[in-house]
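Student: pasting the sequence and the predicted coordinates here, then a few questions.
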Amino acid sequence: MTSLRRLLLLSIVLAGLAPSLARAVQPDEVLPDTKLEARARAISAGLRCLVCQNQSIDDSKAELARDLRLLVRERLKLGESDQQIRVFLVKRYGNYILLKPPLDFETAFLWGMPALVLAAGGIALLFGLRRLRSTPAAPLSQDERDRLAALLGADTLL
């Protein structure tokens, strides 16, 4: 393959990936201070859009996500720390706003549910297999043997 073909193929692949790499942050939202903007992006990447399913507010194009991004930037301009902003948002919206909620009493059930479901399925499978092994097949009655022999066309069955 020539280098021109490789370059063309790479360009096509990258062009196909470009829409998936785009963020929902609008140019008018971006802070002029690059350090504050980097902090805003880091915070908003960990916050769940309340309208979209499992999408960060940084990726969401919903109006509420835009409002939350602007709120994060306003609080950063006021001098609040990243942790203070997260605490404020959790107080306002609950742990649901965090894409990775902390493991505490309220969320322990949610964190443990996959393990509980797997354990319950494994136990049910073990009991089902044990029941299958412990139940012997009932012997055929003479009527059933005769009918089977007739169906198979054999005179006798072993």
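Tutor: Looks like it arrived, so ask away.
Student: count of residues packed around Val72?
Tutor: 26 (other Cβ atoms under 10 Å). Heads up, the C-betas are built off the backbone N, CA and C, glycines and all.
Student: which residues sit against the helix or strand hosting Arg69?
Tutor: Using DSSP states H and E, Arg69 sits in helix 63-77. Residues from elsewhere that reach helix 63-77 (Cβ atoms under 8 Å, 6 or more residues apart in numbering): 24-26, 29, 31, 36, 39-40, 43-44, 47, 49-52, 57-58, 84-85, 88-89.
Student: same thing with stretch 85-100?
Tutor: 43, 46-48, 50, 54, 56, 68, 71-72, 75-76, 80, 101-102, 106-107.
Student: hmm, which of those residues are the buried ones?
Tutor: Buried subset of the contacts of stretch 85-100 (neighbour count, 16 or more other Cβ atoms under 10 Å): Ile43, Leu47, Arg48, Leu50, Ser56, Leu68, Leu71, Val72, Arg75, Leu76, Pro101.
Student: generate a markdown table for those residues, with pLDDT as supplementary columns.
Tutor: A markdown table is the format used below for these (pLDDT from 0 to 100):
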| residue | pLDDT |
| --- | --- |
| Ile43 | 91 |
| Leu47 | 91 |
| Arg48 | 90 |
| Leu50 | 86 |
| Ser56 | 88 |
| Leu68 | 91 |
| Leu71 | 92 |
| Val72 | 92 |
| Arg75 | 92 |
| Leu76 | 90 |
| Pro101 | 80 |
